[in-house]
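Student: This is a predicted model, with the sequence first.
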Amino acid sequence: MNEQRQQAYLNLIRSLLDSPSGEESEILAANQQLLDAGFVQKVEEVAQMCSQHGDENTANWLQTLAMQLREVLNLDTKVDLQSLSQEEIQIYYQFLMQVLHATADSSGNSQVVYPLLAKNTDKLDGVLAEILRRWGTNTLGKAKADEAEYLAEFIFSFSSLIAQFPLGSKASNMEIAITGYEVALTVYTREALPQEWAGTQNNLAIAYRERIKGDKADNIENAIAALTAALTVYTREALPQKWAGTQNNLAIAYSHRISAIR
């Protein structure tokens, strides 16, 4: 997407925020040529920035606007791979394999993985998340226990890296991270690998807390549920430091819940 259109998105968002209450519909109607998936994504990104700076009222207003526009524009958050050519899917698949191998070979070294991500920010989107979900679920489901655990380990590492990656779309990066954690949890079960399961639940909770897409209140509830689950393993008696860290994350999630319902 060119810089000129990105700037046009930002200008429209500023106009909406600066306009008197009730005039938003007229402004949107006058700028219909900008109302597309890219604009909705930009609204969600600005909402996240506002939230990070403590401006929850503006963040909530923008999140509501994004949800309304998704409904009006009939934008499905799920990706339909059938709309892509086999060549396009193969390009994404090859990139996914490349970045996962780099993650595994470097033991999750960001200095190795981040330059690769930086060269491919155009592929850090919902398509990559869906391909990761399908490949990961299928591959882990067929793998032997030790191989599945090894694969889950670097899928988890990749998810942690992309959750903190500063470039590309923050909204898309978080969706990829959430997908990776959920895939890892198909191997990291509470029964088989309780500490890995709890650690992944903790990271998944943080990703949901920072998620831009979806309903903010629902994301916070998902975060609270994941942290509560982690605390069934991270107990004060058995693992006091991890218990304390998870309790801290839970407190932050509860504070976000209060902000979301105001």
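Tutor: Received it, and whenever you're ready, just let me know what you need.

Student: Check which element follows the strand or helix carrying residue 173 along the chain.
Tutor: Per DSSP states H and E: residue 173 is located in helix 170-184. Under the assignment DSSP H and E, the closest C-terminal helix or strand after helix 170-184 is helix 194-209.

Student: Can you give me the buried ones in that following helix?
Tutor: Counting neighbours by 16 or more other Cβ atoms under 10 Å, one finds that the buried residues in helix 194-209 are 194, 196-209. C-beta here means a position set from N, CA and C on the backbone, and glycine is covered the same way.

Student: For it, name the packing helices and strands.
Tutor: For helix 194-209, the elements it packs on are helix 145-163, helix 170-184, helix 216-230, helix 240-261, judged by 3 or more Cβ pairs under 8 Å, 6 or more residues apart in numbering; DSSP states H and E.

Student: And the contacts of it?
Tutor: Taking contacts as Cβ atoms under 8 Å, 6 or more residues apart in numbering, the residues outside helix 194-209 that touch it are 152, 156, 159-160, 163, 174, 177-178, 181-182, 184-185, 188-190, 219-220, 222-227, 229-230, 232-234, 239, 242, 245-246, 249, 252-253, 256.

Student: How about residue 244, nearest residue that isn't a chain neighbour?
Tutor: Here the nearest residue to residue 244 in space, its sequence neighbours aside, is residue 236; by Cβ to Cβ, 6 or more residues apart in numbering that works out to 7.9 Å.

Student: okay, now the domains of the protein?
Tutor: The record's domain parsing of the chain by automatic domain parsing lists 3-72, 81-261.

Student: returning to what we had before: for the residue nearest to residue 244, phi and psi?
Tutor: Recorded main-chain torsions at residue 236 are phi -60, psi -30, according to degrees, to the nearest 10.

Student: Hmm, it is touching residue 243, no?
Tutor: Yes - taking contact to mean Cβ atoms under 8 Å, the distance of 4.7 Å between residue 236 and residue 243 places them in contact.

Student: Settle it for me: which of these two has more neighbours?
Tutor: Taking residue 236 and residue 243 together and counting by other Cβ atoms under 10 Å, residue 243 has the greater number of neighbours (18 against 12).

Student: Was I right to think that one contacts residue 233?
Tutor: No - using Cβ under 8 Å, residue 243 and residue 233 do not qualify as a contacting pair, with a distance of 9.3 Å.

Student: Distance of residue 137 relative to residue 130?
Tutor: Distance, residue 137 to residue 130, using Cβ to Cβ, to the nearest Å: 11 Å.
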